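*Asks:* coordinates for the following, if possible.
(chains A and B)
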Amino acid sequence: MGVKLLLEKANVPGIRFFETYRKEGGYHAVEKALKQMDPAAIVEEVKKSGLRGRGGAGFPAGMKWSFIAKPEGVPRHLVCNADESEPGTFKDRYLMEFLPHLLIEGLIISSFALGSNDTYIYIRGEYAWIVDILEQAIDEAKANGFLGKNILGTGFDCNIYVQRGAGAYICGEETALIESLEGKRGNPRIKPPFPAIEGLWKRPTVVNNVETLAAVVPIINMGGDEYAKIGVGRSTGTKLISACGNINKPGVYEIDMTISVEEFIYSDEYCGGIANGKRLKACIPGGSSVPILPANLLLKTAKGETRLMNYESLSDGGFATGSMMGSGGFIVLDEDQCIVKNTYTLARFYRHESCGQCSPCREGTGWMEKILKNIDTGKGKMSDIDLLWDIQRKIEGNTICPLGDAAAWPVAAAIRHFRDEFEWHVKHPEEAQKRNYGLAHYADPIHVPA
Amino acid sequence: MSEQPLFKVTIDNITVEVPAGTTILNAARKIGGDVAPPAMCYYSKLEGSGGKCRTCLVEVSKGSEKDPRPMPKLVASCRTTVMDGMEVKNITSDRVIDARNGVVEFLLINHPLDCPVCDQAGECHLQDLSYEHGKAGTRYEFQRRTFKKHDLGDKIQLHMTRCILCYRCVFTADQLTGKREHGILDRGDHAEIATYIEKNLDNEFIGNVIDVCPVGALTDKTFRFKNRVWFLKPVDAHRDCKTCSGKVTLWNRGDEVYRVTARKDQWGEVEDWICNTCRFDKKQTSDWVIEGPRLIDRHSVIAQGHYAGTVGTHKPTETFEAVHAGRQPKLLMDIHSISEVNQPNITLSQLDRPAHSTDFNHNKD
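*Replies:* Coordinates of the predicted model:
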């Protein structure tokens, strides 16, 4: 059994409610932080812990907190990004649904550290029922003196508001989220200025993922140094992975980042192997936007080392032979899955979710979707594959926000690793409608040049 | 006011000094010529514009004197401010040219390319841009998106099919007229410019959205299909207007005023906003005091066959230094070393007779 910091108490009956949560040791971190520590010490503790943002980019949270501008007389804000819309990612939903008070606790500590008196949870519109859960938890915390005016007699005021989004993936991008929270159209802002200088209502703002903020609680409880001892290298602490796809046990798992990908997929403690005794073909290890990896590159890196479930190991080899940790949406594809169809599905998603603000993403995502649809339905041409490659290359890095990259990477990786499958689709359009390409050589160990 | 520090920035090997806070694009415009990146969405008079079309992407090869690291991605020059000692590559960077060609291709895939029937033709920024960076053929094989035409009031027509979503008109409507009833509906490639529930735009300054539109999406209904702009003669004129500056350009043919627009500078930006009365209602020559011909860039099709700016009537008065604005003329290559025309090895004074073409013939032996 690995270490569990966040989901340790998730199965205690009634943990959703304040009384049980408090009885199980909840809100001790708030007491410790507000009464014994000053804001700078909390930031220092988070820095020491090496906690990296759990939303996808993996930027060190302590560092982000230390960037926040502190002009005199201007309020600062903390915003919790609960707009979890990446296909394959559902860890924040689990956390908020079962342990709402853990998030509230993390939010109170973080608000104190950043000096935010009005803190917002921007939640995905589709998570309607979780809004009720969170609001109930906020009311309970308020009734027990952990929120509102003069928390625990320390003179610190904090209110948490829950704001529902309207169902746009782009509002998970921090500046689009801020725009949406201000009541405007959710278009990402052009950076700089970064939110830490000019965010919500032009005030310094920090936007953090749900899991990042929840992880502040164990960091305060056990101390940053202790937290940093869990995990390996710069991947400290534990990470929630939402596993789905063709596996026996889909669900949310908390891992310390030392286990191997092979163990994660095949051990009974986690995914429990590929469903129906099939074989592993490919995997998208960090939510739909990260590059897909074929089985042979997933289990072992190009150098022949065992690939581990952490930030460094998953990105080993760059995009040529690696992928990314991303948001932890672990999508497993078995031998019956068609990579072309899968890529088309993802491209359709990104086309639908592009905000339409900057030209490469607005036009390019639609173009890629149409070409992929053609290939998938047997109308593709061989030149389409190179064209796809060229389009994704011209989107990547040339857009305002990372959605352009997120749309380009899956297409790029699919062509990079599964080009023969695309070619087979083009060459055998009729056969491709009837059967799948299958495993091909993707399960074979890769040849490592000496 | 304290003296603003001047930053040295080098763009395409040409150094210029600009005040702190200037964007790369404006610094490049100070140098002028080909160094200035194209801008489809940026408009210096509109706050918050820019950053969207991505045609002005440039490569920053040196961040600043203090932090010389290059920026990893191409940056939108219209929204990135210069740092002291920054080095920028625009037309000298293959990456930039490649990305810009890509952006132009993206802008064109859903554009109808109906230039032969479009009123903007001849003064269309997208036309210029695709002439410079576009390809002769398209790789796009699908149906282009189309929209119905809409009237925004009785004087302005919106043809979304041509729109490139630069947001300039949205900023104009927002900042000039102060009412938020003109904006964007939907998202992605089906996003469209629209008014609040088909509302008419009736503000006195709303006509300026026509001038800021880089393409033919917003057109003047009093001018639609009346004439091609290159058949018209632009003249500067003014009138005593109570609401606006009254400084306009009239587009005449003979004595007839075909349309009235604001005066545009060399970057295609309006110099002074004009009101709807000046723009739509004053179409008599007697309404205006004519100042003289409007200078149009001689590269523009509108300048063809016009008396302004052509040799004979308009003598260049600027000095060579002023034309080059501090740039050193660059000799692309020394043709003498490779030219076969001048035959530097033959000394004409050594010939005992007038030179004949056979003297220069290579193969005479």
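*Asks:* find the closest residue to chain B in the stretch 351-450 of chain A.
*Replies:* Taking C-beta to the nearest C-beta as the measure, the stretch 351-450 of chain A has residue A:394 as its residue closest to chain B, at 3.1 Å. Where you see a C-beta, it was placed from the backbone N, CA and C, and this is true even at glycine.
*Asks:* and residue 84, backbone torsions?
*Replies:* You didn't say which chain, so I picked chain A. phi -80, psi 100 (degrees, to the nearest 10).
*Asks:* surely it meets residue A:95?
*Replies:* No: if you go by C-beta atoms under 8 Å, residue A:84 and residue A:95 don't touch, sitting 9.7 Å apart.
*Asks:* so what sits against both of the two?
*Replies:* Residues touching both residue A:84 and residue A:95 (C-beta atoms under 8 Å, 6 or more residues apart in numbering or on different chains) are residue A:210.
*Asks:* dihedrals phi and psi, the residue of the stretch 351-450 of chain A closest to chain B?
*Replies:* Dihedral angles for residue A:394 - degrees, to the nearest 10 - are phi -80, psi -20.
*Asks:* for it, what are its contacts?
*Replies:* Counting by C-beta under 8 Å, 6+ apart, residue A:394 touches A:360, A:364, B:98-99, B:102-103, B:105-106.
*Asks:* any weak-confidence spans in chain A?
*Replies:* A:1, A:445-450 (pLDDT under 70).
*Asks:* what about the longest helix in it?
*Replies:* The longest helix of chain A (DSSP state H) is helix A:403-427.
*Asks:* so is that one next to chain B?
*Replies:* No: residues of helix A:403-427 contacting chain B under C-beta under 8 Å from any C-beta of the partner chain: none, with a closest distance of 9.5 Å.
*Asks:* so for that helix, what gets flagged as buried?
*Replies:* If you call a residue buried by 16 or more other C-beta atoms under 10 Å in any protein chain shown, then helix A:403-427 has these buried ones: A:403-418, A:421-422, A:424-426.
*Asks:* again, but for stretch B:202-210
*Replies:* So stretch B:202-210, judged by 16+ other C-beta under 10 Å, has buried residues B:203, B:205-210.
*Asks:* so for it, mean pLDDT?
*Replies:* What stretch B:202-210 shows for mean pLDDT is 87.
*Asks:* one more: stretch B:131-143?
*Replies:* Averaged across stretch B:131-143, pLDDT comes to 89.
*Asks:* gap between the two ends of that stretch?
*Replies:* 23 Å (C-alpha to C-alpha, to the nearest Å).
*Asks:* repeat that for stretch B:233-244.
*Replies:* For stretch B:233-244, the end-to-end distance is 23 Å (C-alpha to C-alpha).
*Asks:* name the helices or strands packed onto the strand or helix carrying residue B:248?
*Replies:* Assigned by DSSP states H and E, residue B:248 belongs to strand B:247-253. With contacts taken as 3 or more C-beta pairs under 8 Å, 6 or more residues apart in numbering or on different chains; DSSP states H and E, strand B:247-253 sits against strand B:233-238, strand B:256-262.
*Asks:* in the helix or strand hosting residue A:41, which residues are buried?
*Replies:* For residue A:41, the element it lies in under DSSP H and E is helix A:39-49. Using 16+ other C-beta under 10 Å as the test for burial, helix A:39-49 gives A:39, A:42-49.
*Asks:* past it, which element shows up next along the chain?
*Replies:* helix A:61-66.
*Asks:* what's that following helix packed up against?
*Replies:* helix A:39-49, helix A:100-114, strand A:205-209.
*Asks:* neighbouring strands of the shortest one in the sheet, and parallel or not?
*Replies:* To tie it back to what came earlier, the one meant is strand A:205-209. Strand A:205-209 pairs in its sheet with strand A:76-82 (parallel), by DSSP bridges.
*Asks:* give me the angle between the strand it pairs with and helix A:100-114.
*Replies:* Angle, strand A:76-82 to helix A:100-114, by axes from the mean of the first three to the mean of the last three C-alpha atoms, to 10 degrees: 150 degrees.
*Asks:* export strand A:76-82 as PDB, just CAs?
*Replies:* Coordinates of each C-alpha in strand A:76-82 appear next as PDB, following Å, rounded to 0.1, in the frame of the first residue of the first chain:
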ATOM      1  CA  ARG A  76      -5.800  40.000  -3.200                       C
ATOM      2  CA  HIS A  77      -7.700  37.000  -4.300                       C
ATOM      3  CA  LEU A  78      -7.300  33.300  -4.300                       C
ATOM      4  CA  VAL A  79      -9.300  31.400  -6.900                       C
ATOM      5  CA  CYS A  80      -9.800  27.600  -6.800                       C
ATOM      6  CA  ASN A  81      -9.900  26.200 -10.300                       C
ATOM      7  CA  ALA A  82     -12.500  23.500 -10.100                       C
END
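*Asks:* which SSE is immediately downstream of that strand?
*Replies:* Downstream of strand A:76-82, the next assigned helix or strand under DSSP H and E is helix A:91-98.
*Asks:* how far off centre is that following helix?
*Replies:* 13 Å (C-alpha atoms, centre = their mean, to the nearest Å).
*Asks:* just confirm residue A:282 is within a strand.
*Replies:* Yes: assessed with DSSP: H, G, I helix; E, B strand; the rest coil, residue A:282 lies in a strand.
*Asks:* mind listing what it touches?
*Replies:* Counting by C-beta under 8 Å, 6+ apart, residue A:282 has contacts A:292-295, A:298, A:333, A:337, A:339, A:417-418, A:442.
*Asks:* and the nearest residue to it once chain neighbours are set aside, helix, strand or coil?
*Replies:* Excluding its sequence neighbours, the residue lying closest to residue A:282 (C-beta to C-beta, 6 or more residues apart in numbering or on different chains) is residue A:333, at 4.6 Å. Of the three states, residue A:333 takes strand under three-state DSSP.
*Asks:* what's the angle between the longest helix of chain A and strand A:280-284?
*Replies:* 150 degrees.
*Asks:* tell me the helix or strand right after helix A:403-427.
*Replies:* helix A:429-434.
*Asks:* state the number of residues packed around the residue in the stretch 251-365 of chain B that chain A sits nearest to.
*Replies:* Proximity to chain A, evaluated over the stretch 251-365 of chain B using C-beta to the nearest C-beta, is greatest for residue B:268 at 18.2 Å. When neighbours are counted by other C-beta atoms under 10 Å in any protein chain shown, residue B:268 registers 17.
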